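Enquirer: starting from these lines, generate the structure:
(2 chains)
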Amino acid sequence: MNKQTEAKVDNLIAELWQRHLPNLRERLDLLDRTAAEASSGALAEALRAEALSIAHKMAGNLGMFGYPKGSEIASEIEHILKAPTQESLLRLSPLTVQLRKTLAPGL
Amino acid sequence: MRRILIIDDEDDIREVAALSLEATAGWQIFTANSGATGIEIAATEQPDAILMDVMMPSVDGPTTFRIMQKNPIVAHIPVLLLTAKVQGVDQRRFAGLGVNGILFKPFDPLTLAQQISDILGWNDDASEPPPSTLST
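Expert: Numbering: from 1, shown residues only, chains lettered A, B, ... in the order given. Prediction:
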């Protein structure tokens, strides 16, 4: 593949990233709310299920946009939300902070 | 020119996969945001292959695949499942369905076309028609 094609794909993906930013920010906000509720020991089931779905989607797509570490963190969040324990839920808050830091250059 | 159908409920996955396959391989892309719509498009467009997400609301990828296998109009079309799951047990379960291959998310947009070609045994010359359409 030549450099021109690579640059074209990179540019198109950068445009897509910009277009999907509002959606991504909403998803990050939802994960923050989930982590806050989890830390308080009162995570509602509906929010857990929604956050699980969001984390799954982010695990699958952040790497495509050049954030493989973001995918890893989202995957870890997904793993916790799939089979939560009191102990594991406390890890959500630092993970969501880490996720925002990882994505910060593109937000 | 290869013709690929992408079935995924996630807009960004569909869009990134489509633009990468168009830009890197010059393939013609069709997209669907659900299994039901995907089956309709597959029947009318007869793509050379289908790239399909595993986890979709309503009807998931494996169920859509099983429905397609019972429909002679689309059963012959190669299907690659797209999944974020990487556990060995999931790989074996999906492979057991009879799909032609599994691709993992997140994928590299620059190499997605090559990955698909490698799995399906397509030649580098993407303008060559797939084996199923070659006349004898």
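Enquirer: for chain A, just list every one of the helices.
Expert: Taking DSSP state H, the helices of chain A run over residues A:3-40, A:45-61, A:68-82, A:86-89, A:92-103.
Enquirer: right, so of these, which gets closest to chain B?
Expert: Nearest to chain B, of all these, is helix A:45-61, at 3.6 Å by C-beta to the nearest C-beta. Any C-beta I mention is one placed from the backbone N, CA and C, and that applies to glycine too.
Enquirer: list the buried residues of the longest helix along chain B.
Expert: Longest helix in chain B, counting residues (DSSP H): helix B:11-25. Judged by neighbour count (16 or more other C-beta atoms under 10 Å in any protein chain shown), helix B:11-25 contains these buried residues: B:12-25.
Enquirer: same for chain A: which of the residues you listed are within range?
Expert: With C-beta under 8 Å from any C-beta of the partner chain as the criterion, the buried residues of helix B:11-25 include B:12, B:13, B:15, B:16, B:19, B:20, B:23, B:24 near chain A.
Enquirer: dump the residues you listed to TSV, plus distance to residue B:112 and pLDDT.
Expert: Shown next, in TSV, are those (distance: C-beta to C-beta, whole Å; pLDDT from 0 to 100):
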residue	distance to residue B:112	pLDDT
B:12	14	90
B:13	11	92
B:15	13	94
B:16	9	94
B:19	10	94
B:20	5	94
B:23	10	93
B:24	7	94
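Enquirer: which of these sits closest to residue B:84?
Expert: residue B:13 (9.9 Å; C-beta to C-beta).
Enquirer: where does chain B get nearest to chain A, residue-wise?
Expert: Proximity of chain B to chain A (C-beta to the nearest C-beta) peaks at residue B:106, 2.7 Å away.
Enquirer: how deep is the nearest residue to that residue once chain neighbours are set aside tucked in, by neighbour count?
Expert: The shortest distance from residue B:106 to any non-neighbouring residue, by C-beta to C-beta, 6 or more residues apart in numbering or on different chains, is to residue A:63 (2.7 Å). Neighbours of residue A:63 under the rule other C-beta atoms under 10 Å in any protein chain shown: 23.
Enquirer: enumerate every residue touching residue A:63.
Expert: Residues counted as contacts of residue A:63 (C-beta atoms under 8 Å, 6 or more residues apart in numbering or on different chains) are A:70, A:71, B:105, B:106, B:107.
Enquirer: Validate this expectation: residue B:30 resides in a strand.
Expert: Yes - assessed with DSSP: H, G, I helix; E, B strand; the rest coil, residue B:30 lies in a strand.
Enquirer: so what angle separates the directions of the one helix or strand residue B:116 maps to and helix B:11-25?
Expert: Using DSSP states H and E, residue B:116 falls within helix B:112-120. Here helix B:112-120 runs at an angle of 80 degrees relative to helix B:11-25 (axes from the mean of the first three to the mean of the last three C-alpha atoms, to 10 degrees).
Enquirer: would you put the C-alpha positions of helix B:112-120 in CSV?
Expert: This file holds the C-alpha atoms of helix B:112-120, laid out as CSV (Å, rounded to 0.1, in the frame of the first residue of the first chain):
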residue,chain,number,x,y,z
LEU,B,112,-8.6,-5.1,6.8
ALA,B,113,-8.9,-5.9,3.1
GLN,B,114,-5.7,-8.0,3.1
GLN,B,115,-7.0,-9.9,6.2
ILE,B,116,-10.3,-10.7,4.3
SER,B,117,-8.4,-11.7,1.2
ASP,B,118,-6.1,-13.9,3.1
ILE,B,119,-8.9,-15.7,4.9
LEU,B,120,-11.0,-16.2,1.7
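Enquirer: roughly how far out does that helix sit from the chain middle?
Expert: Distance, stretch centre to chain centre, for helix B:112-120: 10 Å (C-alpha atoms, centre = their mean, to the nearest Å).
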